[in-house]
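In: Sequence and predicted structure below; questions after.
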Amino acid sequence: MKVHFIAIGGSAMHNLAIALSRKGVDVTGSDDEIFEPSKSRLEKQGILPEVIGWNAQYIDHTIDAVILGMHARENNPELLRAKEMGIPIYSYPEYLYEQSKAKKRIVIGGSHGKTTITSMLLHVCKKQKLNVDYMVGAQLDGYDCMVKLTDEAEYMILEGDEYLSSPIDRRPKFHLYQPHVALISGIAWDHINVFPTFKNYVDQFDIFCSVIETNGSLIYNNEDEEVNVIAEKYKDELNLQPYGVPRFEVKKNGTIVAHNEQHYALEIFGSHNLQNMMGAMHLAGHLGIDNETFLTSMSDFTGAGKRLQKVVENDAFVMFKDFAHSPSKLKATTQAVKEQYSKRKVIACMELHTFSSLRKDFLPFYKGCMEYADHALVYYSPQVVTHKKLEPLSIQDVEDAFGGNVVVKNATEDVLSFIHTLKNDNTVLLMMSSGNFDGIDYEALGAELSD
């Protein structure tokens, strides 16, 4: 079997390429740019393209399938050649489905919490020595590849992203997996560059439920109004399992969760994290892992990569970094930190960095989402706005949208000044972004502030 990747350097694509190579597939690929860590990982596996760039000559009759990444365009010469020769062309999620047709597929969907729930489930599977295949959309600690494909595993665990599948397949990825067991963690409008209205976005989750296998199960967050509406629609077709935030008690270094008259000590904290955990617990039940075993196995789980990741902590100061950027994620993360550190001053800083977050018409959805912080700052770069070809933003635009006592800055040095001015010996600092505030070294900042 020989498979060629067009745009092999993508964060998802290179993981799939490595997984197939490890399975014994002859993997080739191309890209017009490959950055770290993809480059080193592909090189270590022996499948890094020797030459950067597209070349139709790479496509010949020895290739059994082509996998097309989102980075490529519809007029890509290799894609055109593959079409001309009649070689089967797959998107990333289509090929994952092909590889898991004989397995029981478990798909985690939702606007937020997907990676956390998936990583919780994998953590417990690993502790219980349960062999599962998987695909996770983010890099997790303890894994050198975020896709695993074997012939032996009975289960395939898939993080179900609602973003588009490929340049020639505009379906959301999670529509292609046809799960036996599905989860929806919540619905909050995202990817507005693709889904122009809230209704259009919600419809994607309805379609997701419609492709669950006959007599399949839907595990859903019943504390989310939109999710409840969709679940109700499928009550006669699917086995429904609702979940929500469990009873819990905050402790100094985490949480005590009560379940079935038993108490479990955990390192994670915050209502949103615990809600995610209950969803993962129900998923684990479909893998044959009982609730007590699951919760006991969660005792040493510290979180998913870049999700409320602790940078530094001492008796006087704690600093976290987090991937939060959408309104729902921003609010949940800020609330979690304030719940855990109620007697400390919480300084929350977030960066508007994604395409959606920098759209002037989307900004009003951020209203009140940082209200749990004692001091809140929002940063954006006018240069990034220009680069993304968006309508210019003013500081006043952002202040009006967020409301409350939110301070808005558009220079990195002003962010650092804000933090240094407010920080004292009873502070928690939360840095939230899918970027780095245009140059802030979180580890160096944490070391400086904790000294």
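Out: Thanks, I have the structure now. As the structure is a computational prediction, the values presented were derived from the model and not from experiment.
In: Mark out where each domain of the chain begins and ends.
Out: For the chain, the structural domains run 2-87, 95-300, 309-450, going by automatic domain parsing.
In: want to throw those domains into a markdown table with mean neighbour count and mean pLDDT?
Out: The C-beta positions use only the backbone N, C-alpha and C, and glycine is treated the same way. Supplementary listing: those in a markdown table, determined by neighbours: other C-beta atoms under 10 Å; pLDDT from 0 to 100:
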| stretch | mean neighbour count | mean pLDDT |
| --- | --- | --- |
| domain 2-87 | 18 | 97 |
| domain 95-300 | 19 | 95 |
| domain 309-450 | 18 | 93 |
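In: And the helices in the protein, which stretches?
Out: Listed in chain order, the helices of the chain (DSSP state H) span 11-22, 38-45, 77-85, 92-99, 114-127, 198-210, 225-233, 271-285, 291-297, 327-340, 382-387, 395-402, 412-422, 442-450.
In: will you turn those helices into JSON lines that also has distance to Ile347?
Out: JSON lines is the format used below for the helices of the chain (distance: least, C-beta to C-beta, whole Å):
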{"stretch": "helix 11-22", "distance to Ile347": "30"}
{"stretch": "helix 38-45", "distance to Ile347": "34"}
{"stretch": "helix 77-85", "distance to Ile347": "48"}
{"stretch": "helix 92-99", "distance to Ile347": "39"}
{"stretch": "helix 114-127", "distance to Ile347": "23"}
{"stretch": "helix 198-210", "distance to Ile347": "32"}
{"stretch": "helix 225-233", "distance to Ile347": "31"}
{"stretch": "helix 271-285", "distance to Ile347": "20"}
{"stretch": "helix 291-297", "distance to Ile347": "33"}
{"stretch": "helix 327-340", "distance to Ile347": "10"}
{"stretch": "helix 382-387", "distance to Ile347": "23"}
{"stretch": "helix 395-402", "distance to Ile347": "15"}
{"stretch": "helix 412-422", "distance to Ile347": "5"}
{"stretch": "helix 442-450", "distance to Ile347": "10"}
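In: Quick check: which of the ones you listed is nearest to Tyr143?
Out: Distances from Tyr143 to each of the helices of the chain were compared using C-beta to C-beta; the shortest belongs to helix 114-127, at 8.3 Å.
In: who touches the residue located most distally from the centre of the chain in this structure?
Out: Farthest-out residue of the chain from its mean C-alpha position, per C-alpha atoms, centre = their mean: His61, at 37.0 Å. Contact partners of His61, counting by C-beta atoms under 8 Å, 6 or more residues apart in numbering, are Met85.
In: re earlier: closest one to Gln178 among the helices of the chain?
Out: Distance to Gln178, taken as C-beta to C-beta, is lowest for helix 92-99 among the helices of the chain, at 6.7 Å.
In: Show residues contacting that closest one.
Out: With contacts defined as C-beta under 8 Å, 6+ apart, helix 92-99 is touched by 3, 12-13, 16, 65, 67-70, 90, 105, 133, 135, 147, 149, 156, 158, 165-166, 169, 173-174, 176-178.
In: what about it, distance to the chain center?
Out: The chain centroid and the centroid of helix 92-99 are separated by 19 Å, computed with C-alpha atoms, centre = their mean, to the nearest Å.
In: Only alpha carbons, please: show that helix as PDB.
Out: Presented in PDB, the C-alpha positions along helix 92-99 are these (Å, rounded to 0.1, in the frame of the first residue of the first chain):
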ATOM      1  CA  TYR A  92      -7.900  13.600   6.500                       C
ATOM      2  CA  PRO A  93     -11.200  12.600   8.300                       C
ATOM      3  CA  GLU A  94     -12.300  10.400   5.400                       C
ATOM      4  CA  TYR A  95      -9.100   8.300   5.600                       C
ATOM      5  CA  LEU A  96      -9.400   8.000   9.400                       C
ATOM      6  CA  TYR A  97     -12.900   6.600   8.800                       C
ATOM      7  CA  GLU A  98     -11.500   4.100   6.200                       C
ATOM      8  CA  GLN A  99      -9.000   3.000   8.800                       C
END
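In: any idea of the angle it forms with helix 11-22?
Out: Orientation note: helix 92-99 sits at an angle of 30 degrees relative to helix 11-22 (axes from the mean of the first three to the mean of the last three C-alpha atoms, to 10 degrees).
In: rewinding a little: out of the contacts of helix 92-99, which are inside strands?
Out: The strands in this structure, assigned by DSSP state E, contain 3, 65, 67-68, 90, 105, 133, 135, 147, 156, 158, 165-166, 169 from the contacts of helix 92-99.
In: Make CSV from those residues and add distance to Gly368 to it.
Out: What follows is the ones in strands among the contacts of helix 92-99, written out as CSV (distance: C-beta to C-beta, whole Å):
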residue, distance to Gly368
Val3, 48
Ala65, 48
Ile67, 43
Leu68, 41
Tyr90, 43
Arg105, 38
Asp133, 41
Met135, 35
Val147, 38
Met156, 39
Leu158, 34
Ser165, 34
Ser166, 37
Asp169, 37
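In: out of those, who's nearest Leu240?
Out: Comparing every one of those with Leu240 (C-beta to C-beta), the shortest separation belongs to Arg105, at 18.1 Å.
In: how much space is there between that closest one and Asp441?
Out: Arg105 sits 40 Å away from Asp441, going by C-beta to C-beta, to the nearest Å.
In: How about the spatially closest residue to Phe418 that is not a sequence neighbour: which residues does it bridge to?
Out: Distances taken as C-beta to C-beta, 6 or more residues apart in numbering put Leu377 closest to Phe418, at 5.3 Å, once the chain neighbours are dropped. The bridge-partner assignment for Leu377, based on DSSP bridges, gives Cys349, Val407.
In: so what's Lys114 up against?
Out: By C-beta under 8 Å, 6+ apart, the contact set of Lys114 is 108, 137, 159-161, 185.
In: would you list those in TSV and tack on distance to Phe437?
Out: Rendered in TSV, the data for the contacts of Lys114 read as follows (distance: C-beta to C-beta, whole Å):
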residue	distance to Phe437
Ile108	29
Gly137	23
Glu159	27
Gly160	30
Asp161	25
Ser185	27
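In: Of these, which pair is most distant in space?
Out: Longest distance between any two of the contacts of Lys114 is 13.6 Å, between Gly137 and Ser185; criterion C-beta to C-beta.
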